[in-house]
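Engineer: next input, structure requested:
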Amino acid sequence: MSSKVERQKRKAILLSQIQQQRLDLSVCRRDWLETTRTYDRGWNTLLNLRSWALVGSSVMAIWTLRHPNRLVRWTKRGFGLWSAWRLVKSTLRQQHLRD
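Structural biologist: The predicted structure is shown next:
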């Protein structure tokens with residue numbers, strides 16, 4: 001009979017630990033949601049802008065068909081900016097490694 005009492009005590013201890021862990025998880029969840037609220041809001045905004053991006057890309061495709069030289073010019077500019085950015089980034093990285 002003492003083993004039954006011990007089991008009940010052990011069960012009560014485990015249930016109280018489980019309840020405490022649930023409370024701790026609830027607090028951590030609330031803190032996590034509060035911390036990531038701005039990121040979640042930004043992500044939702046980005047998802048809401050998907051339809052506008054689709055419309056914009058369609059307009060851009062039509063505009064590109066009407067003015068193909070401008071597309072080539074802006075592609076060259078974009079590639080030049082991207083190359084310059086990579087050069088600056090690698091130079092800064094090398095300077096940082098030397099220090």
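Engineer: pLDDT (mean, whole number) over stretch 12-19?
Structural biologist: Mean pLDDT, stretch 12-19: 97.
Engineer: hmm, I was thinking of stretch 41-52
Structural biologist: Averaging the model's pLDDT scores along stretch 41-52 yields 91.
Engineer: show me the contact partners of the helix or strand that contains residue 63.
Structural biologist: Applying DSSP states H and E as the criterion places residue 63 in helix 50-66. Applying C-beta atoms under 8 Å, 6 or more residues apart in numbering, the contact partners of helix 50-66 are 70, 71. The way it works is simple: take the backbone N, C-alpha and C, and place the C-beta from them, glycine included.
Engineer: pull out the buried residues from that helix.
Structural biologist: By 16 or more other C-beta atoms under 10 Å, helix 50-66 has no buried positions at all.
Engineer: next helix or strand past that helix?
Structural biologist: Using DSSP H and E, the first helix or strand after helix 50-66 is helix 68-98.
Engineer: distance from that next one to the middle of the chain?
Structural biologist: Here helix 68-98 is found 25 Å from its chain centre; the criterion is C-alpha atoms, centre = their mean, to the nearest Å.
Engineer: quick check: angle from that helix to helix 50-66?
Structural biologist: Put simply, helix 68-98 runs at 120 degrees to helix 50-66, going by axes from the mean of the first three to the mean of the last three C-alpha atoms, to 10 degrees.
Engineer: what mean pLDDT does helix 68-98 have?
Structural biologist: Averaging pLDDT residue by residue across helix 68-98 gives 91.
Engineer: mind checking how far residue 32 is from residue 40?
Structural biologist: Using C-beta to C-beta, to the nearest Å, we find residue 32 at a distance of 11 Å from residue 40.
Engineer: check residue 91 too.
Structural biologist: 36 Å.
Engineer: one more: residue 10?
Structural biologist: Distance from residue 10 to residue 40, by C-beta to C-beta: 41 Å.
Engineer: what do you get for residue 74?
Structural biologist: On the measure of C-beta to C-beta, residue 74 and residue 40 end up 34 Å apart.
Engineer: please apply the same query to residue 49.
Structural biologist: 15 Å.
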